[in-house]
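> I'd like to go over a predicted model; first the sequence, then the structure.
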Amino acid sequence: MKIYIVNLFKLIQAWIYEHIPCMGRRTLNCRYDESLPRAARYVVGRHISSFIEVRTHLDRLTYSDIVWTPYHSHRVACPFESISLFQGYIRYGSTCEKYMPDRVLRQFGYEQRIPDAVLGYDGLFLRPLTIHGYILLIIWLAVLPQHPSHMHS
Amino acid sequence: MRLVSHGRKFNKFGIPCPRVYAIVENSGLLPLCRIAYEVVDKGLITAFVERWHRDTNSFHLPVGEMTITLDDVSSILHLPVVGQFPTYDALDHNAAKNMLMELLGTSETDANEELRRNKGAQVRLGWLREVYEQCCIDQSWECAARAYLLHLLGCTIFANKSANWVSVCYLALFRDLDMCGQWAWGAAALTFMYEQLGDACLSDTKQLAGFVTIVQV
């Protein structure tokens, strides 16, 4: 069976480079400045990683290998949008996918707590797609003792 | 797993001509023009796909869960994440034909022939490039911009698995060119990405029997 990941691979690749700088074989683009999308920051050579090598590397990953919030210096060009903390379904056309930032709070500069139950698909079409869930998450975050490191909206 | 990239196809097109450029800029999709072809690190991506779980839509790593968030899409691609989710209706042959005639200004014969050839409400990326060039010659800039934008979507956000076609129904998103900046393209791109990752990680059970990767660029 052939499975396709069509394009947008660059999004995943750049995401990995941003968050786990020790992985992947890439160099920094010397002509990059912060006004450009971060995807333009990296130059990837012809050398690609071996699958087994990356797998082993991933198994040994430690907390200090991760850059949880890599965009501090990028905020002038691209301010943080609080909608990124929207908890619910994102969609295009008739395709819906679960979006649950409460599982990855460290990526938003918060301490990770036990997340809510995983969203189900049952109530999806009964529940209007509004920012309701987003407001709930904001309230939930507001009662956390941990202060956000880079967000105040 | 097979990684399909449309980067080279996109490079054939390049940056739009000045009149079209302004419209593309207004649509919020211009940053995609800057992220065309690059080498796919298949080993790296495959190893991460293996850690993807579709129930949580996140990578499960030894340090815990991580995922691609709307903030990542916004910072990495500069696509808008605030706005409305793009919505459109599925089209039958006649509706698709009318839409091509109305929004791209093609003749009925051309539209009919293209749709028949593809056996559905979809057009080839190569055909769109021809339409774009013709529109530029005729100086019908709105139609040229729609052809350009549909082509851009077809090789980035909504890339078709066949690597050659794009569905005509996305054209409805560009009906009003002044308003197409309202769509949250970043949220749509992320939805598409989650969907693709979810499909890809299902094949992981087969991978144990013999993992084969082909990169087609």
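Ah, there it is. Residues are numbered from 1 along each chain as shown, chains lettered A, B, ... in the order given.

> Give me the below-cutoff pLDDT ranges for chain B.
Chain B contains residues with pLDDT under 70 at B:1-14, B:34-39, B:160-163, B:203-217.

> check whether stretch A:25-42 contacts chain B.
Yes. Interface with chain B: stretch A:25-42 contributes A:25-26, A:36-40 (CB under 8 Å from any CB of the partner chain). Where you see a C-beta, it was placed from the backbone N, CA and C, and this is true even at glycine.

> got the end-to-end distance for that stretch?
10 Å (CA to CA, to the nearest Å).

> Give me the mean pLDDT for that stretch.
On average, the pLDDT along stretch A:25-42 is 86.

> Identify the residues contacting that stretch?
A:10-11, A:13-14, A:17-18, A:43-45, A:47-49, A:70-71, A:73-74, A:76-78, B:31, B:34-35, B:41, B:75-78 (CB atoms under 8 Å, 6 or more residues apart in numbering or on different chains).

> quick revisit: and the residues of stretch A:25-42 next to chain B as CSV, adding neighbour count, distance to residue A:58 and secondary structure?
Listed next are these as CSV, based on neighbours: other CB atoms under 10 Å in any protein chain shown; distance: CB to CB, whole Å; DSSP: H, G, I helix; E, B strand; the rest coil:
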residue, neighbour count, distance to residue A:58, secondary structure
A:25, 14, 15, coil
A:26, 22, 17, strand
A:36, 18, 29, coil
A:37, 22, 26, coil
A:38, 23, 22, helix
A:39, 22, 22, helix
A:40, 21, 26, helix
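
> can I see the domain layout of chain A?
A:9-74, A:82-142 (automatic domain parsing).

> The ones you listed: lowest mean pLDDT?
Ranked by mean pLDDT, the domains of chain A end with domain A:82-142 in last place, scoring a mean of 72.

> still on that earlier bit, ok, which of the domains of chain A comes nearest residue B:22?
domain A:9-74 (19.3 Å; CB to CB).

> and that closest one, how far from the chain's centre?
13 Å (CA atoms, centre = their mean, to the nearest Å).

> That domain: end-to-end distance?
Start-to-end span of domain A:9-74 (CA to CA) is 21 Å.

> next one: stretch B:84-99
22 Å.

> quick one: that stretch to chain centroid distance?
16 Å.

> Stretch B:136-150 now?
18 Å.

> quick one, what contacts the residue lying closest to residue A:67 once chain neighbours are set aside?
Spatial nearest neighbour of residue A:67, excluding adjacent residues (CB to CB, 6 or more residues apart in numbering or on different chains): residue A:19 at 5.5 Å. For residue A:19, the contact set (CB under 8 Å, 6+ apart) comprises A:66-68, A:70, A:107, B:66.

> picking up where we left off before, and the domains of chain A as a markdown table, adding distance to residue B:98?
As requested, the domains of chain A are arranged in a markdown table below (distance: least, CB to CB, whole Å):
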| stretch | distance to residue B:98 |
| --- | --- |
| domain A:9-74 | 34 |
| domain A:82-142 | 19 |
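
> Identify whichever of these lies nearest to residue B:127.
Between those, domain A:82-142 lies closest to residue B:127; by CB to CB that is 22.0 Å.

> which residues of chain A fall in helices?
A:9-19, A:51-59, A:132-142 (DSSP state H).

> okay, the angle between the first one and helix A:51-59?
This points to helix A:9-19. Interaxial angle, helix A:9-19 versus helix A:51-59 (axes from the mean of the first three to the mean of the last three CA atoms, to 10 degrees): 40 degrees.

> coming back round to it: let's see the ChimeraX selection covering just the buried ones among the contacts of stretch A:25-42.
Remark: buried members of these, expressed as a ChimeraX selection using 16 or more other CB atoms under 10 Å in any protein chain shown:
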select /A:10,11,13,14,17,18,44,48,49,70,71,74,78 /B:31,35,41,75,76,77,78
